[in-house]
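S.K.: Test case, fold it:
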Amino acid sequence: MTRAHQLRPAQLSRLLEVGRTLVATLDLEDVLPRVLEAGRELTGARYAALGVLDSEKRALERFLPLGIDDETRIRIGPLPRGHGLLGELIRDPRVLRLADISDHPRSSGFPREHPPMTTFLGAPVRIRDEVYGNIYLTDKDGGAEFTEGDEELLVVLAEWAAIAIDNARSHHAGEARRVELERAVRALRATADLDREVERETDLDRVLELIVKRGRTLVDARACALLLLTGDREMHVAAAAGEASAVLVGRSLEDPNPALDVVRAGVGQRIDGPAMAALAAQGLEGASALLIPLRSRGVSLGALVAIDRIGASPRFGQEDEAALGSFAASAAGAIDATRAHGDEKARTAIRASEQERRRWARELHDETLQELGALKMAQERALASGDQGEIERTLRDTLARVDGVIDGLGSLITELRPAALDQLGTAAAIETLADRVRQRHSLAIELDIELDYEAGRAGTRHEPELEATIYRLVQESLTNVVKHAEASRARVAVEERDGRVLVTVEDDGRGMAAGSRDEGGFGLIGMRERVALAGGEIEVGPGARGGTRVRASLPTGIR
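M.R.: Predicted coordinates:
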């Protein structure tokens, strides 16, 4: 400290107390008024002010007065910028003490409504050899002049102020960095959470819902909407979270609107005030908005729109834009991937359906149609013979064969969609299937079925699509065993655990020929496509004791 040893003990004690208070204050907006109050108290000045220099150190960018009431301050007019006597301390940052302000050659007088001031004491505030600003004191009590002791007090106070201001600025910078890092971490966490949640999600509506919920939380928005392009000049609200979300979903937005502008430009934008009118006119009402384009692999998908930041101000900052922009990149990828999966799923469904149709066409042609053709030919030959006995024998024979055709058609219908599957559930349908295969083909079949709803551990059955997939896997596998395996025994196990159904069919037959798992025969392609549509996995290969083993794992959608 400068010349503090010349101060009286009481002054020094008070100065130390003031210094401790200042350096313990970490908010710059609290530090500056405290400096002025301390200056007035320690020197007996009536008025005090602190001028903060601009970045070029040529003028004042901020001026904080103390001792003048608000009404007088308004009448005075604009605050000083550093001309006249105040500019002297900017040009020559040294302590300046005057008995009469008007005597200084740089003095240019005061504005009309300014209170009269006579005595003056000013000192620079230096932070690391750089002038931050100046402290000005005027009109000491009783009309006396400021003394050398007052000068010493002000110099020491300016040094305390420099330390306190530096601490406050460092604290503010540290807090800003902390907030920025926290926001970056939140953005990364939101992105990671979204990636994890949509990793196995195939429902686009569910993915869009996750995106708007995560995006809204990330930037503390009152509402968040996801807009998808439906044409060059139109978008629709595909998902929304927060206030009025139910009303927003499905709403169309047409040109002109800022969201389409953002999509075309490919750059995020923050808007407020009058610019919000275009969004408000189409249902997205608020004081401010943050719009981020959604692009994946160079293709525009739409935009993510956050409405009104929750807090003291509804406006979003640059950090919010950066965080939501990073999140939007991952969100666009998730939308693109889910759409691609949906397209592939549709193509797979079409292929599976066509393969199924071809199979039943072959069955009807090879068995039913050919048998009916043979019956027709037998009847025509009998009628052509004119032998009444031959005609009667042919009719009795064809009637028996018609019963066989009817049974065959019944079996085909049962295989297409067994009534037991709809009425009694998966286990009953598989048991009926196993009984039918045992009777027709003398194949010993061991069943081990344990499904949660069958065992009373859940209140509802599985989705019809999942039940059909389980049944078809068992049916197709047993068909392969009968037609190709030359087996005497087979085992069917259907087990539910941890939100998945495990289906295993294995036999003791001759096994699969090398490479047959990749060929179109044995219905393997159909089984693989069925499992893929259900979001599961399937393995086909040798069994533990020879033969062939089919093992599939299917998600139930229940956790």
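
S.K.: if I pick residue 215, what's in contact with it?
M.R.: Counting by C-beta atoms under 8 Å, 6 or more residues apart in numbering, residue 215 makes contact with 190, 221, 224, 226, 241, 304, 306, 324, 327-328, 331. Every C-beta, even on glycine, is put in place using the N, C-alpha and C of the backbone.

S.K.: Mark which of those are part of helices, please.
M.R.: 190, 324, 327-328, 331 (DSSP state H).

S.K.: Among the residues you listed, which one lies nearest to residue 158?
M.R.: residue 324 (44.3 Å; C-beta to C-beta).

S.K.: The closest one contacts residue 309, correct?
M.R.: No. Counting by C-beta atoms under 8 Å, residue 324 stays clear of residue 309, with 10.9 Å between them.

S.K.: between these two, who's got more neighbours?
M.R.: Using other C-beta atoms under 10 Å as the criterion, residue 324 and residue 309 rank with residue 324 on top: 26 against 21.

S.K.: That one and residue 315, how far apart?
M.R.: From residue 324 across to residue 315, the span is 14 Å (C-beta to C-beta, to the nearest Å).

S.K.: Equivalent analysis for residue 434, please.
M.R.: Look at residue 434 and residue 315: by C-beta to C-beta, they are 68 Å apart.

S.K.: ok, now residue 153?
M.R.: On the measure of C-beta to C-beta, residue 153 and residue 315 end up 44 Å apart.

S.K.: Neighbour count for those two, which is higher?
M.R.: A direct count of neighbours by other C-beta under 10 Å for residue 153 and residue 315 places residue 153 higher, at 29 against 17.

S.K.: May I have the secondary structure class of that one?
M.R.: helix (DSSP: H, G, I helix; E, B strand; the rest coil).

S.K.: Hmm, residue 43 and it touching each other?
M.R.: Yes. In terms of C-beta under 8 Å, residue 153 counts as a neighbour of residue 43; the distance is 5.9 Å.

S.K.: Show me how the protein divides into domains.
M.R.: Following automatic domain parsing, one gets these domains for the chain: 4-173, 197-344, 422-555.

S.K.: Of these, which is nearest residue 390?
M.R.: domain 422-555 (32.6 Å).

S.K.: lowest average confidence, helix or strand, in this protein?
M.R.: When the helices and strands of the chain are scored by mean pLDDT, DSSP states H and E, helix 419-423 comes last with a mean of 67.

S.K.: following that helix, which helix or strand shows up next?
M.R.: helix 426-441 (DSSP states H and E).

S.K.: So which elements touch that next one?
M.R.: Where contact means 3 or more C-beta pairs under 8 Å, 6 or more residues apart in numbering; DSSP states H and E, helix 426-441 is packed against helix 419-423, strand 444-450, helix 464-480, strand 489-497.

S.K.: Reformat the ones you listed as a markdown table; add mean neighbour count and distance to residue 337.
M.R.: Formatted as a markdown table, the helices and strands packed on helix 426-441 follow (neighbours: other C-beta atoms under 10 Å; distance: least, C-beta to C-beta, whole Å):
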| stretch | mean neighbour count | distance to residue 337 |
| --- | --- | --- |
| helix 419-423 | 14 | 33 |
| strand 444-450 | 15 | 35 |
| helix 464-480 | 21 | 22 |
| strand 489-497 | 19 | 29 |
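
S.K.: Mind telling me which of these the model trusts least?
M.R.: Across those, helix 419-423 has the smallest mean pLDDT, namely a mean of 67.

S.K.: Can you read off the backbone torsions of the residue sitting furthest away from the middle of the chain?
M.R.: Within the chain, residue 387 marks the point farthest from the mean C-alpha position, 83.9 Å out by C-alpha atoms, centre = their mean. Main-chain dihedrals, residue 387, degrees, to the nearest 10: phi -80, psi 120.

S.K.: same check, this time on residue 81
M.R.: Per degrees, to the nearest 10, the backbone of residue 81 is at phi -110, psi 0.
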